[in-house]
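Visitor: Please work out how this folds:
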Amino acid sequence: MTLTTPPAGFRGTYRDDLLARAVYSEAGGIERIQPRGVAVPADADDARALVRWAAKTRTPLVPRGSGSSMAGGAIGEGLIVDLSRLGEIEPVDVARRTVRCGPGALRDAVDRAARAVGLQFPVDPSSSAFCTVGGMASTNAAGAHTLRYGAMRLWVQALECVFADGSRGELRRGAAPPALSILPHALDALAPVLAAERITPSRHADVRKESSGYGLAEWAASGDLVDLVIGSEGTLALIVGLELRLAPLLPHSASLLGAFATLEDAVVAADRARLAGAVACELLDRSFLDVARHGGTTVPAPDDAEAVLLGEVEAGSREEADAIAREIESEFLRSGATTVRLALDEETEHALWSLRHAASPIISTIHPGLKSMQLIEDGCVPPARLPEYVRGVRAAFERYRFRGVIFGHAGDANVHVNPLIDVREPDWRSRAEAMLDEISALTGRLGGTLTGEHGDGRLRAPLLSHVWSAEALERFAAVKRAFDPDAILNPGVKVALAGARPFDAVKYDPTLPALPEPARTALARVERERAYARSRLALLDEVTLDARAGGA
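Guide: Alright, predicted model coming up:
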């Protein structure tokens with residue numbers, strides 16, 4: 001089904017032709033879903049008009065930022081609402097340490113604005129160069145420095161939202177909810193849920209990062225409705241503005257690398273590094289190290305190392321940074337490190353961290369027939385269970401005959417897994433589905449969550465019973481019903497639709513019908529160049545013009 005006319009008064013770009021739909025059918029994850037059309041609002045008022053129209057016509061909306069999300073929350077069968085063009089950043093309020101911006105503002109652009117006045121925006125996902133702060137709020141994004149600074153929820157002071165009935169208002173910490181017609185009914189309906197949350201919170205004990213489900217426990221604890229909307233992945237409201245908190249800038253850093261003979265030693269060392277003041281502590285599993293060596297990357301660790309930790313510290317002076325790094329060096333050695341390398345200057349630090357940042361290039365060069373499929377890519381478990389989780393993932397790789405790469409945030413026990421799958425094998429899908437289900441069940445048994453920082457999306461929503469109780473799932477469904485009774489906002493994300501599977505059309509599947517060539521070329525450029533911040537429609541126009549010029 002396609003659409004034929006845009007909403008009355010809509011001033012942005014509106015398209016439902018095949019090429020536009022095709023170029024928005026994919027995002028950073030593995031799936032492909034053809035939308036009904038694409039709308040790019042000109043501003044927040046435009047977004048509000050779009051939601052009002054959707055509420056009247058019962059048209060499902062799929063809000064989206066840069067499209068770098070991994071779990072399928074930015075693609076869907078409805079009308080894509082591309083909010084990435086709402087990227088304004090207002091002057092930083094230095095006294096209050098805050099900045100107001102649009103949802104399409106890029107994370108690194110916000111951080112640059114903060115650093116220009118001696119502050120920083122400390123939430124730093126690896127996609128920081130091209131991810132939007134609206135998308136980060138939608139998934140409660142995190143990153144390597146979450147170990148010190150926490151995830152996105154802690155850094156959002158206010159959200160300007162458009163709710164499912166088209167009403168618009170600001171949710172601000174410490175303030176009463178705005179006087180909008182939708183909110184009293186929603187809050188009344190959720191009063192029993194909120195009361196139950198205060199007795200038995202919906203949370204995974206000892207998990208340090210959480211991007212799954214709705215933030216009911218956080219809302220119940222704070223009383224701030226903003227905590228519920230953060231992490232809701234566009235299923236409760238469209239975010240059209242944010243006020244972000246900023247942190248003091250610590251200008252000096254130091255890093256170190258430790259190699260360990262066992263995962264248990266590495267986990268102990270990571271926790272000691274956290275207590276000693278590390279702002280980041282990253283895990284590179286043996287699977288990652290083996291692939292790196294195979295690709296010709298120098299690994300400054302013994303060949304028999306089971307794991308490597310990369311730690312980082314920040315401080316107000318060079319002397320303090322060096323002192324903390326040396327303290328963590330001692331903790332690494334006390335925990336059983338077989339090798340420790342210190343990096344006390346910028347050049348040496350860059351050399352150490354280049355191993356971690358080489359993850360995607362390393363994976364892409366393993367074998368042209370293997371596709372890196374992020375099926376199991378964001379599990380987070382209690383830190384004491386991390387060795388058991390990593391070994392369980394390795395065993396599943398072996399059992400289902402897949403290679404894979406494991407790395408992530410050791411200090412938070414948040415693990416990114418990249419199964420490497422040969423889609424030319426006839427049974428790859430059944431093996432992948434079975435492996436996903438098995439590792440999801442393992443995560444639940446260990447008391448973990450399926451997503452520490454990337455969101456449930458459409459990929460994980462059908463699997464949430466592995467990690468959430470039936471009572472928690474019913475509470476999540478009640479939240480969705482209260483805020484979006486007609487299910488127009490990103491249906492199928494957070495709360496799975498009846499009969500939903502974790503994935504259907506995988507964009508790497510050679511049996512899928514081919515996308516139109518201009519769309520395929522544009523999407524290949526996005527993936528190859530990490531050009532997620534580029535407008536998909538602008539890229540499509542460039543490709544079309546290039547093709548015409550080449551044929552002239």
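
Visitor: Check the secondary structure at residue 500 for me.
Guide: coil (DSSP: H, G, I helix; E, B strand; the rest coil).

Visitor: Might you report the residue contacts of it?
Guide: For residue 500, the contact set (C-beta atoms under 8 Å, 6 or more residues apart in numbering) comprises 458, 461-462, 492. Every residue, glycine included, has its C-beta placed from N, CA and C.

Visitor: Could you dump those into CSV with secondary structure, neighbour count and distance to residue 18 added?
Guide: CSV is the format used below for those (DSSP: H, G, I helix; E, B strand; the rest coil; neighbours: other C-beta atoms under 10 Å; distance: C-beta to C-beta, whole Å):
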residue, secondary structure, neighbour count, distance to residue 18
458, helix, 29, 22
461, helix, 26, 28
462, helix, 19, 29
492, coil, 23, 23
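
Visitor: which of those residues sit farthest apart?
Guide: Maximum pairwise distance in the contacts of residue 500, criterion C-beta to C-beta, is 9.0 Å, between 462 and 492.

Visitor: Give me the contact list for stretch 196-206.
Guide: So stretch 196-206 is contacted by 210, 213-214, 216-217, 219-221, 382-384, 447-449, 467-468, 471-472, 475-476 (C-beta under 8 Å, 6+ apart).

Visitor: and stretch 49-68, average pLDDT?
Guide: Regarding stretch 49-68, the rounded mean pLDDT is 96.

Visitor: Can you show me the CA trace of it as CSV?
Guide: Provided in CSV are the C-alpha atoms of stretch 49-68 (Å, rounded to 0.1, in the frame of the first residue of the first chain):
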residue,chain,number,x,y,z
ALA,A,49,0.8,18.5,11.5
LEU,A,50,2.0,15.1,10.3
VAL,A,51,1.1,13.4,13.6
ARG,A,52,-2.3,15.0,13.6
TRP,A,53,-2.9,13.8,10.1
ALA,A,54,-1.7,10.3,11.0
ALA,A,55,-4.1,10.2,14.0
LYS,A,56,-7.0,11.0,11.7
THR,A,57,-6.1,8.6,8.9
ARG,A,58,-4.7,5.8,11.2
THR,A,59,-1.4,5.9,9.3
PRO,A,60,1.5,4.3,11.2
LEU,A,61,4.5,6.6,11.6
VAL,A,62,8.2,5.4,11.9
PRO,A,63,10.3,8.2,13.3
ARG,A,64,13.9,8.2,12.3
GLY,A,65,17.2,10.1,12.8
SER,A,66,20.3,9.3,10.8
GLY,A,67,19.2,5.7,10.3
SER,A,68,22.3,4.2,12.0
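
Visitor: how about it: buried residues?
Guide: 49-55, 59-68 (16 or more other C-beta atoms under 10 Å).

Visitor: domain assignment for this structure?
Guide: Domain ranges of the chain: 13-85+514-551, 98-248, 252-364, 370-483, per automatic domain parsing.

Visitor: Would you mind giving these as TSV with distance to residue 496 added?
Guide: Shown next, in TSV, are the domains of the chain (distance: least, C-beta to C-beta, whole Å):
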stretch	distance to residue 496
domain 13-85+514-551	12
domain 98-248	12
domain 252-364	29
domain 370-483	4
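
Visitor: Residue 508: which of those domains is closest?
Guide: Between these, domain 370-483 lies closest to residue 508; by C-beta to C-beta that is 4.3 Å.

Visitor: Quick one: end-to-end length of that closest one, please.
Guide: Criterion C-alpha to C-alpha, to the nearest Å; first-to-last residue distance in domain 370-483 is 42 Å.

Visitor: helices and strands of the chain: which one has the lowest mean pLDDT?
Guide: Of the helices and strands making up the chain, the lowest-confidence element is helix 359-364, at a mean of 64, by mean pLDDT, DSSP states H and E.

Visitor: Now do stretch 71-80: distance to the chain's middle.
Guide: Remark: stretch 71-80 is offset 15 Å from the chain centroid, using C-alpha atoms, centre = their mean, to the nearest Å.

Visitor: And stretch 45-57, how far out from the chain middle?
Guide: Using C-alpha atoms, centre = their mean, the offset of stretch 45-57 from its chain centre is 27 Å.

Visitor: what's next to that stretch, contact-wise?
Guide: Counting by C-beta under 8 Å, 6+ apart, 7-12, 39, 41, 59-61, 79, 81, 83, 86, 162-166, 168, 238, 240, 486, 488 sit against stretch 45-57.

Visitor: in what helix or strand does residue 310 lie?
Guide: For residue 310, the element it lies in under DSSP states H and E is strand 307-315.

Visitor: make that residue 283, sorry
Guide: Secondary structure assigned from DSSP H and E places residue 283 in strand 280-285.

Visitor: looking at the domains of the chain, which has the lowest confidence?
Guide: Among these, domain 252-364 scores lowest, at a mean of 91.

Visitor: In this protein, which residue is most central in space?
Guide: Taking C-alpha atoms, centre = their mean, the centroid of the chain lies closest to residue 454, which sits 2.6 Å from it.

Visitor: What is the three-state secondary structure of residue 174?
Guide: coil.

Visitor: Straight-line length of stretch 280-298, end to end?
Guide: Per C-alpha to C-alpha, stretch 280-298 runs 22 Å from first to last residue.

Visitor: residues of it that come out buried?
Guide: Neighbour count says stretch 280-298 has 280-289, 291-292 buried, by 16+ other C-beta under 10 Å.

Visitor: again, but for stretch 532-551
Guide: Quick answer for stretch 532-551 (16+ other C-beta under 10 Å): 532-537, 539-540, 542-544.

Visitor: Tell me who's in contact with residue 151.
Guide: Counted by C-beta under 8 Å, 6+ apart, residue 151 has contacts 123, 140-142, 209-211, 453.

Visitor: scratch that, residue 263 is what I was asking about
Guide: Counting by C-beta under 8 Å, 6+ apart, residue 263 has contacts 285, 306-307, 386-387, 390-391.

Visitor: how about these, which pair is most distant?
Guide: Maximum pairwise distance among the contacts of residue 263 (C-beta to C-beta): 12.3 Å, between 306 and 386.

Visitor: who has more neighbours, these two?
Guide: More neighbours surround residue 386 than the other of residue 306 and residue 386, with 28 against 20 (other C-beta atoms under 10 Å).

Visitor: wait, what's in contact with residue 228?
Guide: Contacts of residue 228 by C-beta under 8 Å, 6+ apart are 214-216, 218-219, 236, 479.

Visitor: Which strand or helix spans it?
Guide: Using DSSP H and E, residue 228 falls in helix 226-229.

Visitor: excluding its backbone neighbours, what's nearest residue 509?
Guide: residue 423 (5.9 Å; C-beta to C-beta, 6 or more residues apart in numbering).
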